[in-house]
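> Give me coordinates for this.
(2 chains)
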There are 2 protein chains.
Amino acid sequence: MSANPLAAIMAPRSIAVVGASNNPLKMGSIQYLNLRHSGFPGPVLPVHPTEKTVFGLEAYATIEALPMAPDLALLVVPGRLVVEMIEAFGRRGTRHAVVITAGFGETGDAGRQREEALKAAAARHGLRFLGPNCMGLVNTRLPLNVTAAPLVAPPGHLSLVSQSGTYITQTLHYLNERGVRLNQAISVGNEADIDLVDGLEHLGADPETRAIGLYIESIRRPEAFLAAARRITPHKPIIAQYVGGTSAGARAGASHTAALAGPDEVVDGLFRQAGIIRARSIEEVYRVGAALATQPPLRGRRIAILTNSGGPGTAMADTLERLGLEVPAFSPALRERIQAHLPSHASAANPVDLTFHTDMTLMARTLPALLMASDEVDGLLIHGIMDTGWADMAYPVFQDLFQVSREDFRRNFHADVDALVDLPSRWGKPLVISSFFGREDRAVRCFHAAEVPVFDAPEKAAAAMGALLDRRGTSAELETEERLPEPAHDRVRRLVQAAARQGWNEFTAKRLLAAFGIPTCRETLALSPEAAAAAAREIGFPVAVKGCAAHLTHKSELGLVHLNVGSPADVSRACASIARAEPEAGFLVAEMVRGEREFIAGLHRPPGFPPVVVFGLGGIWAEALRDQAVRLAPLSLADARSQIGAIRASAALGAFRGYPPVDREALAQVLVRLAQLAAACPAIREIDLNPLVIRAGRPVVVDALFVA
Amino acid sequence: MSANPLAAIMAPRSIAVVGASNNPLKMGSIQYLNLRHSGFPGPVLPVHPTEKTVFGLEAYATIEALPMAPDLALLVVPGRLVVEMIEAFGRRGTRHAVVITAGFGETGDAGRQREEALKAAAARHGLRFLGPNCMGLVNTRLPLNVTAAPLVAPPGHLSLVSQSGTYITQTLHYLNERGVRLNQAISVGNEADIDLVDGLEHLGADPETRAIGLYIESIRRPEAFLAAARRITPHKPIIAQYVGGTSAGARAGASHTAALAGPDEVVDGLFRQAGIIRARSIEEVYRVGAALATQPPLRGRRIAILTNSGGPGTAMADTLERLGLEVPAFSPALRERIQAHLPSHASAANPVDLTFHTDMTLMARTLPALLMASDEVDGLLIHGIMDTGWADMAYPVFQDLFQVSREDFRRNFHADVDALVDLPSRWGKPLVISSFFGREDRAVRCFHAAEVPVFDAPEKAAAAMGALLDRRGTSAELETEERLPEPAHDRVRRLVQAAARQGWNEFTAKRLLAAFGIPTCRETLALSPEAAAAAAREIGFPVAVKGCAAHLTHKSELGLVHLNVGSPADVSRACASIARAEPEAGFLVAEMVRGEREFIAGLHRPPGFPPVVVFGLGGIWAEALRDQAVRLAPLSLADARSQIGAIRASAALGAFRGYPPVDREALAQVLVRLAQLAAACPAIREIDLNPLVIRAGRPVVVDALFVA
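Take a look at the predicted model:
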């Protein structure tokens, strides 16, 4: 693997800027000024055709006139100039660039052609670039900032890759207000060269990045994305928002499987397979991301809640329980130790509710130390620490009547959080704060300075605690990588060759499934009613009799499916009915499988993605309940087990009404083998196994549809 | 109905305060000072045993010494003094009080006794009170504020009732920062007298309240709450957070129905029946509440999005589509009108994306006017208007190099939103803003001043737009109030009397259901195997044979259920097997009902609530999928229709695999009749109709369990 170009781009020793002028309201100037203001330690070399200097620095008339080959070229110039400038930088010996300029692939055919020319020019010189149509990058530790907004917060440990430039520019002030500190941030723009996956791999390897946040509208290299994320998540959490999957037009395909696995479900499956936490908003990417980057993982489910008010305490407990965490009753011994410090009427139960009081020592020092030290507690949530925020709110009221200075007044409400902020690293347990005050509150600023996450709503603080547990839950599933042996290739080849001539029908489809080791029901394809009756006697009554020919779908609606056929005479009648509806069809005679539970399993190939395996609740409710999980092929057995566990209906896989429990391992093997089939038979576009019936605890394919 | 005491409590002409002293750090003093600071126009009369004045106002040594009977008494005194003071105020002629003091019912037996004494003392004098253990109230228009925090925002149109005092005190600054303005807010505390329902009724009748927000931990009078909310929601939206329902211990009961309808599901059903929007966080109560209070309802689903950045635009579109709203492509004519104003590279599609630019005229004036005037648009979301927030962020960068004052620099980024904020009332269409800046941004302050909601995340802005549609969707369901006729009382009475002696068994349970007009399967209770065989012949084979006796549950597990019994000999064998397992049981012989779809319906009586009717997906997945809806009895047909529509599986009630569509009206009648049964037969605690099978499109009860 060649070195990741972002290693150089994020840490250049010198930068040339083309497109900055002495007009401070142009985008190029704004980015140049931010670069200068960021304190970048190396030379910054403006290139301008006519200006002698640009904001005090000597400007060079051409790229050729530059005194050195800069490590990085930043281009904020009209689109028509970009290709020739990349050529010029390439000739000059520069090997990395950031192309801010828009008007490429995102704008239509002419733009796409220009983007191809840009790629070709860069490739000729081995030059790697970010963009076009991006907002640049941030490396807070160098420091280096070429976005349109200044860095305002100190360096942190959350790094971002974003397909929207706004999320690393417009939000820098927003993030500082909320105590979210970045390490690096990369706007990938059109991804003509460097893309999301490069960004992910770069940050995965970056030692100062402790959590990665992603904003994604489309994943151009899903296999590489999945592979990179799987390598990273066991030791570094990733939280990602994906917003590309809602458009109704994006769903297409002939099978149920395709209908159940649109882009949103596919990416959701990919995230789960990769151990990525899915964010539902950019706020979660940033703020839960910051909690992941700064707090120890939650090593158990038991959360202590400390509050000065019942409402926020109850709301945090409610949110935690919905997320599967616990707010356990404390032991009598711990309750006694807490009670010793409490005013009367306050509750030593969990939540520990001090009720309204203005002395912050208990809440900010004594009780947190006691709770974090307890082996009954895995993490701590606090609501109600207030310092200057509360004092300044109250001051105007007091000022009416007292000659008291603001500073003197504030002293009454001081909250000393110095010891509190050390507790997470001391005990290896996370601390998350909820406060209705922002940075106007001194305590909030202290939390920000110590990188303790603060949320402006109790429910959000509790949800962040939930993510600190998730981080461990999902990555734990990825450890096993067992795969199943491949099937006998000659048998598969013969079936595929035959289908290439005749198409797939239900009978040949099931033969191929069987070749891959997927259990199917007993059945015979008969070409006459007499042969059908003989087959039925051989199989044993009652049987199912179905019309069988290539490309038949909606067989039930066409009257081609006859179930519970109980006698030879009934077989004849069924065959006659089938022959009237579909004269060319054969007669598929199959055992009647009395199932206990019905699932749907299948395969399809969403555009731009590897094949996906779908597993879900089957039967009449399948489409109404949409209880399915998607995984990208190839599947390990661990993937398949997690896929089965991901559907809600998996809660009912145990023994039930006298039926044995479902053999999850046999079910997992069906899913793994579907993925093998996808790889071996690329001409099969979609597969529905519907229903996949559980008989005596084990899965049996009763109907199969292939779309080729 | 007597007058609501809150009408007087929220608008008193004079207030006595007991518990304020000249020590400004005591709660009583803090509330007194806030009352003074609020600008309350009437006399404020402190009562103090020793102080001659309290912060400059003459103090009265006793309640008797007051110069008048104050309209309202505010008590912030030790708990042991509260009862005698209420007596004293009662004697003095005061008829309304607010009891801030804690240490009553919330603290155990002694506290509960003190609360009873308080209620009795108040009742003796016809005195109505808020509390104890509350944080007071706010009426921004009087103005009047007796909470522990000062009012900072101007009056608005959102009013609150909260079971947590914090949510009307600690958050007043938080709300102001976010542009949320209150009209009235009521902390109900322990609700010893005035409760949530009184608060709701008061705000429902208050002309300045345009939306109501509730924070609820428990609903003490659910019928009255439901009735009040149903009267209000058709003309005034209510948004409520409920956090009392997660504790696992709160679920109890012998039936499936009880297991499916814990406190959270019951309250969820109540909210839906009442047309209340359920908030999942206090932030939603406040901020979506403020949007509901200030914006016109959304009269259609078509939202225009205007943005200066792809990410927020895409994220808003994604959220809207998840909520069932539309981001429609504009007509060519509208696109052309938009395009005429756009820079090159900007998109006239929906979202309209101007891309990064610093001139705010297009985004803040021209395009919003054009979009709001269009009959293709029902509501408008804007992200990216920035004024001093952006300028002040950029200023330090420019200040490095220019001699420019902050004021001069800001002028380059001015966003004139004066015309924009008038558009919602002009066109009767809602406007919601997303901005990564807060009140440091002048444009945000202008939106706050004009009561246009601003959210700090694109997804939240879009979700608020969704609530503006919900407000209409839910209340529309409440219009019909048809009820079904009651059943023949004598038949019901005979069955109930018999059951009082013998208990309910499956057979008598179904007879009672039939008396209420609920369709049941054909069946006979036989007392001998011979009679059972005769009954089976009469019904026609195959039949079901079940052991039948009072209080039998888990019949399948006990071997008491024999399905598909095909011959007289098989009936005998089934009877013999049943007799071995349960010698006292009769033999219930029933037709085999081949159903197309299975549901569960039932009844239970959660503590503190009226009976509830549960309807949900049945069969083996019922408990795993928990796809159910709950409604409180009595049910109208409209309630029952909405209940059926509320389960996910209702998407599969149409014609399917050759089966006719489910008769929703017949299903709705079953639910309405279960509610009638609950009212008529209070001794029946729980009912499971499991399964309620659909045969030929209509519901039939196949098994019934009564818990008495």
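
> Please look at residue A:127 and residue A:99 and confirm they touch.
No - counting by CB atoms under 8 Å, residue A:127 does not reach residue A:99; the two are 10.6 Å apart. In this view, the C-beta of every residue, glycine as well, is placed from N, C-alpha and C.

> More neighbours: which of these two?
residue A:99 (29 against 20; other CB atoms under 10 Å in any protein chain shown).

> do you know how far whichever residue of the stretch 251-400 of chain A sits closest to chain B is from residue B:243?
Per CB to the nearest CB, residue A:311 is where the stretch 251-400 of chain A lies closest to chain B, at 2.5 Å. For residue A:311, the distance to residue B:243 (CB to CB, to the nearest Å) stands at 8 Å.

> what's the overlap in contacts for these two?
B:215, B:217 (CB atoms under 8 Å, 6 or more residues apart in numbering or on different chains).

> Which neighbours do residue A:127 and residue A:99 have in common?
Common neighbours of residue A:127 and residue A:99 (CB under 8 Å, 6+ apart) are residue A:86.

> ok, the residue lying closest to residue A:664 once chain neighbours are set aside - contacts?
Spatial nearest neighbour of residue A:664, excluding adjacent residues (CB to CB, 6 or more residues apart in numbering or on different chains): residue A:644 at 5.7 Å. Residue A:644 makes contacts with A:615, A:629, A:650, A:653, A:664, A:667-668, A:671, as judged by CB under 8 Å, 6+ apart.

> repeat that for 7 Å
By CB atoms under 7 Å, 6 or more residues apart in numbering or on different chains, residue A:644 lies in contact with A:615, A:650, A:664, A:667-668.

> Then residue A:434?
Applying CB under 7 Å, 6+ apart to residue A:434 gives the contacts A:312, A:316, A:381, A:383, A:455, A:457-458, A:461.

> Cross the residues you listed against strands and list the overlap.
A:381, A:383, A:455 (DSSP state E).

> what element comes up after the strand or helix carrying residue A:601 heading to the C-terminus?
Per DSSP states H and E, residue A:601 falls inside strand A:597-604. Per DSSP H and E, strand A:597-604 leads on to strand A:612-617 as the next helix or strand towards the C-terminus.

> pLDDT below threshold where in chain A?
For chain A, applying pLDDT under 70 flags the ranges A:1-2, A:245-255, A:357-358, A:472-484.

> Could you pick out the longest helix of it?
Ranked by number of residues, the top helix in chain A under DSSP state H is helix A:458-476.

> List the buried residues of whichever helix or strand comes after it.
Once the chain leaves helix A:458-476, the next helix or strand it forms, by DSSP H and E, is helix A:489-502. Neighbour counts over helix A:489-502 (16 or more other CB atoms under 10 Å in any protein chain shown) mark A:492, A:495-496, A:499 as buried.

> Residue A:290 contacts residue A:158, doesn't it?
Yes - counting by CB atoms under 7 Å, residue A:290 touches residue A:158, with 5.1 Å between them.

> what residues are shared contacts of these two?
What both residue A:290 and residue A:158 touch, as defined by CB under 7 Å, 6+ apart, is the set residue A:180.

> rewinding a little: now the two most distant members of the contacts of residue A:434.
The distance between the two most remote of those (CB to CB) is 12.1 Å, for A:381 and A:457.

> of those two, who's got more company?
Relative neighbour count places residue A:381 above the other of residue A:381 and residue A:457, with 30 against 24, counting by other CB under 10 Å.

> what's the closest non-adjacent residue to that one?
Counting by CB to CB, 6+ apart, the residue nearest residue A:381 is residue A:305, at 4.9 Å.

> surely the one you found meets residue A:318?
No - Residue A:305 is beyond contact range of residue A:318, at 10.7 Å (criterion: CB under 7 Å).

> Close to chain B: what parts of the stretch 351-500 of chain A are there?
Residues of the stretch 351-500 of chain A lying near chain B by CB under 7 Å from any CB of the partner chain: A:355-356, A:358, A:389, A:393-394, A:396-398, A:400-402, A:412, A:436-438, A:456-457, A:459.

> Return a PyMOL selection command for the buried portion of those residues.
To isolate the buried ones among those in PyMOL, judged by 16+ other CB under 10 Å, type:
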select buried, chain A and resi 355+356+358+389+393+394+397+398+436+437+438+456+457+459
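
> Give me the subset of the residues of the stretch 351-500 of chain A next to chain B lying in strands.
Among those, no member falls in strands (DSSP E).

> quick revisit: give the buried residues for the longest helix of chain A.
For helix A:458-476, burial by neighbour count (16+ other CB under 10 Å) applies to A:458-471, A:474-475.

> contacting residues for residue A:391?
Residue A:391 touches A:409-410, A:413, counting by CB under 7 Å, 6+ apart.

> who wins for most neighbours among those?
residue A:413 (23 neighbours).

> separation between the closest residue to that one other than its chain neighbours and residue B:150?
With sequence-adjacent residues excluded and distances taken as CB to CB, 6+ apart, residue A:413 is closest to residue A:391, at 4.1 Å. Look at residue A:391 and residue B:150: by CB to CB, they are 12 Å apart.

> Good, we can wrap up now.
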